[in-house]
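In: Turn this into a model:
(chains A, B, C and D)
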2 protein chains.
Amino acid sequence: MVLIKCEYHQLHLSFMKSGEVTIKDIARQLAISPSTVSRALKDHPDISRKTKNAVVELATRLDYHPNAIALSLRKSQTNTIGVIIPEIVHFFFSTIISGIEDIAYNAGYNIILCQSNESYEKEVTDTRALLNSRVDGFLVSFSRETKNFDHFVDIHHRGVPIVFFDRIYEDIGISTNRVIVDDYDGAKLAVQHLVDTGCRRIAHLAGPEMLQLSKSRFQGYKDVLDENGISFEPDLVVSDIKVKGVEFEGGYALTKKLLALPDRPDAIFAFQDLAAIGAIKAIKESGLRIPEDVSVVGFSNWQMSSYIEPSLTTVAQPGFQMGQEATRLFFQQIRQDDIESYTPVTKILKTELIIRNSTRK
Amino acid sequence: MVLIKCEYHQLHLSFMKSGEVTIKDIARQLAISPSTVSRALKDHPDISRKTKNAVVELATRLDYHPNAIALSLRKSQTNTIGVIIPEIVHFFFSTIISGIEDIAYNAGYNIILCQSNESYEKEVTDTRALLNSRVDGFLVSFSRETKNFDHFVDIHHRGVPIVFFDRIYEDIGISTNRVIVDDYDGAKLAVQHLVDTGCRRIAHLAGPEMLQLSKSRFQGYKDVLDENGISFEPDLVVSDIKVKGVEFEGGYALTKKLLALPDRPDAIFAFQDLAAIGAIKAIKESGLRIPEDVSVVGFSNWQMSSYIEPSLTTVAQPGFQMGQEATRLFFQQIRQDDIESYTPVTKILKTELIIRNSTRK
DNA sequence: CTGAAAGCGCTTACAG
DNA sequence: CTGAAAGCGCTTACAG
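Out: Got it, this is the predicted structure:
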């Protein structure tokens, strides 16, 4: 055991003198040309069995591994994907990254990760850095601040594939692959479930107006009311959740107000789990029972939502799948890149209603 | 506006034909040599003001940006850090990544992210891939499966800096930089707080035995009892939390048992927040009040811990700071790499007790 | 003040 | 079957 370990150390010590082993090293030791080594290593038909064996054997013994940087330069392809997201520390986004990593890894690609921190400026800098690193493509979700899209338009015009996920805008002047979640449909699932379990006065804690998802979820809410012959009451739709990070407090405060209405709601559909959790707190404090008196549904299925009490019925967004799909679209695009007529697609992922204990059976 | 946009498009269309602009392109257009362009761009003192101006002006106009891959090959330095973590989708780890990104970004480094998914095999493959990509260093937290450390020993012997964080082992045969959290001290803070608020029969939901952190937290628990003249009762230390992902269920079940003891505990110190949340559920179900009858303290400060009811008193681990420190240690090391005598350090980060409503005032 | 040459590690058309 | 040459985009010691 000790002997083996010593041998191991010596082996690597010999590497250190000359850095990593290169094709040249192998060529020198075998007294053949680097070209031949290169060909032998990739099992080129021209090379003799004998040479191949010798090369492969020595390469293994020296623990040779091709220098990916040299390959990248040679092939103008880095096998690397640049990922820009607003915040890593957010369950949904980290799940997406996980999905991206999954597909990228299996295709032999690395991902370079940048977080914009919701800053437009950092997003632009990140874009530039990634471009300098010659990533083969971009997977991005905008920062909240981003209003100008020139940095992405630029990427697109350079012919570098880019796919947007989650946060998208309808018109940024270019047509690219996109992956989003079906917010409208998700909202409908949630509200229909409330209707089905007997709720009639359904309030909505709406999200920030500028976000597309807020609009879609609100629309889904409204349409379900219509479809079920329930009249829409503007008073039951409240929104004051503007600042990031105060969704819980916002949900709590808004719900307090809703419960103080002469004719209080018997259900609350929150645009987001954290707001729903704030609502739950407010309802409990009012001495009302959940779900008997007031039902609550959230959106997003945060990790915590199954642990609060009562556990939260919510609309799950397939984050992992979103990451996977975005990455698949990227590969699809580079595969067809020569074809002039590549048409970008917008993939809309289905959401799923997770029924727990904050709504009636 | 429209005009400007057209111009913009044309500009980039011209790029597309020839790919990215290179130093050669600039040289050709200015009828000078690439060497001179290279020097002018980096403000080399030899180059005349006039030439410099012309070069810089054209470079700006053509939107030239150096090819980082070419630079990497030339300098044998990629300005890239390889990060290997068990799971991105874990609040603590994503916080760490965020801290890493913060420092790396400000130093002009990119991070290539790999997640081992708690798989030894993937960890080994990731290590190899990162090595092939010639990252300048490694920041890693072991997978739970990892018992053999040859892949890291190998990296170390190649002279590539590596710093371990969070999950470490005492003896893996090499001496490297490390960053951990003071689990022992954190546990002491937690348990001392319980004692200070009048608890005497303090139970401990212990973590998986093989983990160093389980041992340290248990030791802190035990020592505080000693220091306060409270006798240690083996019956009050329970552990069955072996399988990943069932910490909540484990905490719940174990607490049920504890509460059924003839002389039930008046406090529970859980090795981890999720287990503590399971404990809270069990206590509430037993009709006991928190914290009046039973106090609960967790460890880690998960995002959800402030939202459950009652909100959880817990020991916060500085994840962001851990990422920052690990990255700083890496930079410190490469800066001193020429110096033979570099001595690796183990940085131990202080934890902080966050007092909420699951413990008495 | 500027350029030609060599080289980082690899591949591949071309020649033999 | 094998090798010399050119080149990916850049830098830098050497020469002028």
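In: switch to C-alpha atoms for all contacts and neighbour counts from now on
Out: Fine.
In: From A:Asn106, how far off is the residue nearest to A:Glu123 when sequence neighbours are not counted?
Out: Distances taken as CA to CA, 6 or more residues apart in numbering or on different chains put A:Ser116 closest to A:Glu123, at 4.9 Å, once the chain neighbours are dropped. Distance, A:Ser116 to A:Asn106, by CA to CA, to the nearest Å: 26 Å.
In: which of those two has more neighbours?
Out: Remark: of A:Ser116 and A:Asn106, A:Ser116 carries more neighbours, 24 against 9, as counted by other CA atoms under 10 Å in any protein chain shown.
In: For that one, what are phi and psi?
Out: phi -80, psi -10 (degrees, to the nearest 10).
In: looking at it, it is touching A:Ile88, isn't it?
Out: No. Applying CA atoms under 8 Å, one finds A:Ser116 not in contact with A:Ile88, separated by 9.3 Å.
In: Measure how buried A:Leu254 is and give me the count.
Out: 21.
In: need the contact list for it.
Out: A:205, A:238-240, A:279 (CA atoms under 8 Å, 6 or more residues apart in numbering or on different chains).
In: again, but for A:Gly99
Out: A:Gly99 touches A:319-324, counting by CA under 8 Å, 6+ apart.
In: Just the pLDDT at the residue in the stretch 151-300 of chain A positioned nearest to DNA strand D, thanks.
Out: Residue nearest to DNA strand D within the stretch 151-300 of chain A: A:Arg158 (13.4 Å; CA to the nearest atom of the strand). Among the per-residue scores, A:Arg158 shows a pLDDT of 88.
In: That one contacts B:Asp63, correct?
Out: No. The pair A:Arg158 and B:Asp63 fails to qualify as a contact (CA under 8 Å) at a distance of 11.6 Å.
In: Looking at those two, which one has more neighbours?
Out: Between A:Arg158 and B:Asp63, A:Arg158 has the larger neighbour count (other CA under 10 Å), namely 19 against 14.
In: helix/strand/coil for the residue of the stretch 51-200 of chain A found nearest chain B?
Out: Residue of the stretch 51-200 of chain A nearest chain B, by CA to the nearest CA: A:Ile112 (4.5 Å). Under DSSP: H, G, I helix; E, B strand; the rest coil, A:Ile112 falls in the strand class.
In: likewise A:Val163?
Out: A:Val163 - assigned by three-state DSSP - is strand.
In: State the number of residues packed around it.
Out: Number of residues near A:Val163 (other CA under 10 Å) recorded here: 26.
In: pLDDT wise, what is it at?
Out: With respect to pLDDT, A:Val163 has a value of 96.
In: I figured it was touching A:Phe152, is that so?
Out: No. A:Val163 is beyond contact range of A:Phe152, at 10.1 Å (criterion: CA under 8 Å).
In: I figured A:Ser141 was touching A:Ile162, is that so?
Out: No. Look at A:Ser141 against A:Ile162 with CA under 8 Å: they stay out of range, at 10.6 Å.
In: in a helix, that's where A:Arg61 is, yeah?
Out: Yes. According to three-state DSSP, A:Arg61 belongs to a helix.
In: A:Pro168: how many residues sit nearby?
Out: Quick fix: residue A:168 reads Ile, not Pro. 17.
In: Same check on the one 3 residues further on?
Out: The number of residues packed around A:Asp171, counting by other CA under 10 Å, is 8.
In: can you give me the strands in chain A?
Out: Here chain A has its strands, by DSSP state E, at A:80-85, A:110-115, A:137-140, A:162-165, A:177-181, A:202-205, A:237-238, A:267-270, A:295-300, A:313-316, A:346-349, A:352-354.
In: Show me how far the shortest one is from its chain's centre.
Out: Strand A:237-238 has its average C-alpha position 29 Å from the chain's average C-alpha position, going by CA atoms, centre = their mean, to the nearest Å.
In: Packing partners of that strand?
Out: Packing partners of strand A:237-238 (3 or more CA pairs under 8 Å, 6 or more residues apart in numbering or on different chains; DSSP states H and E): strand A:202-205.
In: what's the strand it packs on in contact with?
Out: A:191, A:194, A:218, A:221, A:236-239, A:251, A:254, A:258, A:265-271, A:275.
In: Verify the contact between A:Val83 and A:Val135 for me.
Out: No. Assessed by CA under 8 Å, A:Val83 is found out of contact with A:Val135, at 9.6 Å.
In: Can you name the residues that contact A:Ala70?
Out: B:Leu73.
In: what do you get for A:Asp226?
Out: A:Phe232.
In: ok so, going back, which residue, other than its chain neighbours, is closest to the residue of the stretch 51-200 of chain A closest to chain B?
Out: That would be B:Ile112: by CA to CA, 6+ apart, it lies 4.5 Å from A:Ile112.
In: Just give the number of residues close to that neighbour.
Out: Residues near B:Ile112, counting by other CA under 10 Å: 22.
In: Distance of it relative to DNA strand C?
Out: Distance, B:Ile112 to DNA strand C, using CA to the nearest atom of the strand, to the nearest Å: 20 Å.
In: Test my guess that that residue contacts A:Ile111.
Out: Yes. Counting by CA under 8 Å, B:Ile112 touches A:Ile111, with 5.7 Å between them.
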